[in-house]
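build the 3D model from these lines:
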Amino acid sequence: MSRKDRVASPCVSICALDENDICVGCQRTGDEIMQWPRLTDEERRAVLEKVAEREQKVMIN
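This is a model prediction of the structure:
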């Protein structure tokens with residue numbers, strides 16, 4: 001699999017962690033951001049599912 005076929009990072013270049021260690025730009029935790037380059041595509045998809053859940057919570061509040 002070529003690099004361009006990998007699951008892309010959700011980074012939107014607004015990099016700032018909130019008081020809960022969640023990036024206000026991409027909704028990943030600091031650990032998820034640091035681990036991203038080493039994750040498999042399956043693991044990246046799991047992170048993106050968590051990101052979607054966090055985004056829903058932000059939209060509700």
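
quick one: the strands in the protein?
Taking DSSP state E as the criterion, the chain carries no strands.

need the helices for it, in chain order.
30-35, 41-60 (DSSP state H).

now do the longest one, average pLDDT.
Meaning helix 41-60. For helix 41-60, the mean pLDDT works out to 94.

hang on, the earlier thing: deepest-packed of the helices of the chain, please.
helix 30-35 (a mean of 14; mean count of other C-beta atoms under 10 Å). Yep, even glycine has a C-beta here, placed from its N, CA and C like the rest.

sorry, back to before: can you list the helices of the chain in CSV and add distance to residue 21?
CSV is the format used below for the helices of the chain (distance: least, C-beta to C-beta, whole Å):
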stretch, distance to residue 21
helix 30-35, 5
helix 41-60, 11
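
please name the nearest non-neighbouring residue to the residue nearest in space to the middle of the chain.
With distances taken as C-alpha atoms, centre = their mean, residue 28 lies nearest the centre of the chain, 3.6 Å away. Distance criterion C-beta to C-beta, 6 or more residues apart in numbering; nearest residue to residue 28, sequence neighbours excluded, is residue 51 at 6.0 Å.

isn't that neighbour up against residue 23?
No: using C-beta atoms under 8 Å, residue 51 is not in contact with residue 23; the gap is 9.3 Å.

residue contacts, residue 29?
Residue 29 makes contact with 21-23 under the criterion C-beta atoms under 8 Å, 6 or more residues apart in numbering.
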